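[1] quick one: sequence and predicted model below, then my questions.
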Amino acid sequence: QLQLVEGGGGLVQPGGSLRLSCVASGFTFSNYGMSWYRQTPGKERELVATITNIGTSTRYLDSVEGRFTISRDNAKNTVYLQMNSLKPEDTAVYYCNVRITSWSGVIDYWGQGAQVTVSS
């Protein structure tokens, strides 16, 4: 059974930092790129950052470029999102994602979500 379990969310003041983690199981982690998305009420889920299967390439949403860093540890089946210089507009539920293509099509798997609140 594929699972993505997130941790590390919370309340932080503007300018502060948080690190999200996502522990994966039920698939060969090192074979797949991983992503972080976020969503606020009334808005569509948006892609924040993505990393290739062995971590050689990353991409970021323009608004987080230079402040957020996605990384992974394939020995621990874990992907991270380090968030620095947080702003109130970063407040959202953050989701870990893996997209798996099989004979039956493309399936997106999601974690349960981690609430990040940036407020003074």
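    Thanks, I have it.
[2] what's the separation between the closest residue in space to residue 118 that isn't next to it in sequence and residue 111?
    Distances taken as Cβ to Cβ, 6 or more residues apart in numbering put residue 86 closest to residue 118, at 4.6 Å, once the chain neighbours are dropped. Heads up, the C-betas are built off the backbone N, CA and C, glycines and all. The gap separating residue 86 from residue 111 is 20 Å, by Cβ to Cβ, to the nearest Å.
[3] same question, residue 39
    Distance from residue 39 to residue 111, by Cβ to Cβ: 12 Å.
[4] neighbour count: these two, which is higher?
    residue 111 (22 against 14; other Cβ atoms under 10 Å).
[5] how much space separates the more buried one from residue 99?
    For residue 111, the distance to residue 99 - Cβ to Cβ - is 13 Å.
[6] what residues does the longest strand belonging to the chain touch?
    Scanning the chain for the strand with the most residues, using DSSP state E, yields strand 92-102. Contact with strand 92-102 is made by 2, 4, 6, 9, 20, 22, 24, 27, 32-40, 45, 48, 79, 81, 106-111, 113-116, as judged by Cβ atoms under 8 Å, 6 or more residues apart in numbering.
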